[in-house]
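Peer 1: here you go, sequence then predicted model.
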Amino acid sequence: MDILIIEDNKELAGLLCDFLRAENYTVSVTKSGEKALQMYERYGARLIVLDIMLPGMDGFGVCKKIREESNVPILIVSAKNAKEDELCGLDLGADDYIEKPYDIDIMLAKINGIFRRRYATPEIVDGDIRISKVSRTVYKNGAQLEMTAKEFDLLVLLAENKGRTLSKEYIFGQVWGSDSFSEQQTLTVHIKWLRQKIEDDPKKPKKIITVWGVGYRYESV
């Protein structure tokens with residue numbers, strides 16, 4: 001998923017969700033900090049929009065917990081008009097801050113800006129593998145590899161989340177779409193094909209690691 005919204009105001013969360021989906025982002029929403037941590041652990045996210053005032057674990061606690069294991073962008077949202085809240089959120093590792101009530105256009109601009117800054121890297125280089133997102137080409141030891149569109153999208157998704165286990169459900173939704181008529185077995189087949197192209201020994205993969213019962217993880221060798 002692109003964005004995980006953690007917000008206990010159902011109306012506000014729904015409004016933001018609608019606007020983001022209109023911008024072609026995939027979005028999930030929860031009002032619980034504890035539930036959000038579980039969702040992020042299982043499904044991942046490319047951005048977290050995090051309200052400070054939550055029932056149970058507050059936004060600061062969630063931000064601190066996530067920062068212990070991930071550098072995913074975090075946008076703090078607060079109804080408190082206090083400089084201390086902004087400083088606390090940024091000190092905990094948040095990437096940006098916005099106060100309620102916010103203008104939806106300003107919120108969208110902040111989110112789009114975070115995605116441009118974090119994910120606009122045109123090339124991924126990892127050891128003997130070089131991936132160009134502009135030309136959609138992949139090279140291994142200087143030789144170009146033949147890639148289908150889905151193989152390329154799958155490799156980019158894994159490489160951009162290097163070191164993080166992505167669930168099969170998340171990968172399938174990002175590459176094939178949640179409304180795809182394909183079956184998840186398709187993912188297994190594409191992982192096999194991808195390993196045959198980028199691994200030195202596809203039978204003993206070191207780059208694309210299977211995490212049994214969960215999904216896959218890309219590792220540097």
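Peer 2: Sure, I can see it. Quick caveat: nothing in here was measured; it's all calculated off a predicted structure.
Peer 1: spatially, what comes nearest to the residue most central in space within the chain if we skip its sequence neighbours?
Peer 2: The chain has R46 as the residue nearest its centroid, 2.6 Å off, counting by CA atoms, centre = their mean. Excluding its sequence neighbours, the residue lying closest to R46 (CB to CB, 6 or more residues apart in numbering) is D2, at 5.0 Å. Bear in mind the C-beta positions are built from the backbone N, C-alpha and C, glycine included.
Peer 1: that neighbour reaches S28, doesn't it?
Peer 2: No: with contacts counted by CB atoms under 8 Å, D2 stays clear of S28, the gap being 9.2 Å.
Peer 1: more neighbours: which of these two?
Peer 2: D2 (19 against 16; other CB atoms under 10 Å).
Peer 1: measure the more buried one to L157 for me?
Peer 2: 12 Å (CB to CB, to the nearest Å).
Peer 1: my read: L47 touches P73, true?
Peer 2: Yes: using CB under 8 Å, L47 is in contact with P73, at 4.8 Å.
Peer 1: overlap of the contact sets of the two?
Peer 2: I114 (CB atoms under 8 Å, 6 or more residues apart in numbering).
Peer 1: next secondary structure element downstream of the lowest-mean-pLDDT helix or strand in the chain?
Peer 2: Of all helical and strand segments in the chain, the minimum by mean pLDDT, DSSP states H and E falls on helix 83-91, at a mean of 68. Counting by DSSP states H and E, the next helix or strand C-terminal to helix 83-91 is strand 96-99.
Peer 1: what strands flank that next one, and is each parallel or antiparallel?
Peer 2: strand 74-78 (parallel) (DSSP bridges).
Peer 1: show me where this protein has helices.
Peer 2: With DSSP state H as the criterion, the chain has helices at 10-22, 33-43, 59-67, 83-91, 104-119, 149-160, 168-175, 185-198.
Peer 1: between the ones you listed, which gets nearest to G127?
Peer 2: Judged by CB to CB, the one of the helices of the chain that comes nearest to G127 is helix 185-198, at 10.1 Å.
Peer 1: the closest one: how far from the chain's middle?
Peer 2: Taking CA atoms, centre = their mean, to the nearest Å, the mean C-alpha location of helix 185-198 is offset from the chain mean by 21 Å.
Peer 1: and it, average pLDDT?
Peer 2: Across helix 185-198, pLDDT averages out at 94.
Peer 1: on that earlier part again, the more surrounded of L47 and P73?
Peer 2: L47 (25 against 21).
Peer 1: how about the contacts made by the more buried one?
Peer 2: D2, I3, L4, V72, P73, I74, L75, I111, I114, F115.
Peer 1: can you give me the domain assignment for the chain?
Peer 2: 3-119, 123-218 (automatic domain parsing).
Peer 1: tell me the most buried of these?
Peer 2: domain 3-119 (a mean of 17; mean count of other CB atoms under 10 Å).
Peer 1: now that domain: how far from the chain's centre is it?
Peer 2: For domain 3-119, the distance to the chain centre is 13 Å (CA atoms, centre = their mean).
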